[in-house]
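[1] sequence plus predicted model, see below.
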Amino acid sequence: MRHHKKPIDSTPSKLLTQFAKEIVTESSGPIVDVGSGYGRNAIYLASFGAKVLCIDNNIEALNFIKNTNIDLYRAKNGVNNIETIELDLIIEKWPFKAESLGAIISVHFLPEKLLDYFIRSLKKGGYLFIETIGGQGGNYLQLPPKGFIINKISDLFEIKYFKERKVGPIQSEVASVKLFAKKNKSLYQ
Ligand SMILES: C[S@@+](CC[C@H](N)C(=O)[O-])C[C@H]1O[C@@H](n2cnc3c(N)ncnc32)[C@H](O)[C@@H]1O
């Protein structure tokens, strides 16, 4: 039997397209796409001239970004706007210092332990964009408890968009989340 590989989806998150301009023009500092996959969201942001760093543990996906889409994200001056780092974000050390990043994009990849690192690593004025996986099938087993994300960030962030949907079986307390927020307080003030 022949197996056909699923085509690579290059359509960016619809919600991200609403906020991309703000992220690109207002953030000061690196934009990091965490669990970037084949770069559909990073490439969209980079198409506005932003520099984006893609992190993933899938080298094939990162090579795709580097090799296949090169024309899409080359700035006019020929500088490559996307960098990639192969890293296992669950096993390996989180690579960013406190208050060093301009934006973090986390779409369909959000191990719970990363949320604390996101909060810490964003500069004051930095943006957090999160879209968890949906609740289809057994997905709910990987989703955070309802309220978990918003409760963690609400002290330091201005919430610009938030949608939470309880998913899974009736007794489950987990939810899928879409969130866009701006860090408006530093950890150190
Ligand atoms: C569902 S895909 C989402 C990709 C991309 N964010 C998007 O929206 O198209 C999840 C991505 O997370 C990556 N990933 C899974 N586990 C990882 C880990 N431990 N460290 C880094 N990346 C990981 C996968 O390789 C995959 O590219």
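    That came through, no problem.
[2] what about whichever residue of the chain sits closest to the ligand, how many neighbours?
    Nearest residue of the chain to the ligand, counting by C-beta to the nearest ligand atom: Gly37, 2.6 Å away. Placement of C-beta: from N, CA and C, glycine included. Residues near Gly37, counting by other C-beta atoms under 10 Å, number 20.
[3] how about it: what's its closest non-neighbour residue?
    Once flanking residues are discounted, Gly37 sits nearest to Ala61: 5.2 Å by C-beta to C-beta, 6 or more residues apart in numbering.
[4] which strand or helix spans the one you found?
    Here Ala61, judged by DSSP states H and E, is contained in helix 59-68.
[5] tell me the buried residues in that helix?
    61-62, 64-65 (16 or more other C-beta atoms under 10 Å).
[6] show me what secondary structure element comes after that helix.
    Taking DSSP H and E, what comes next after helix 59-68 is strand 82-86.
[7] what's the pLDDT at Gln189?
    The score at Gln189 is 72. That number is its pLDDT.
[8] ok, longest helix in this structure?
    helix 14-26 (DSSP state H).
[9] that one near the ligand anywhere?
    No: Helix 14-26 stays out of contact with the ligand when judged by C-beta under 6 Å from any ligand atom, the minimum separation being 8.8 Å.
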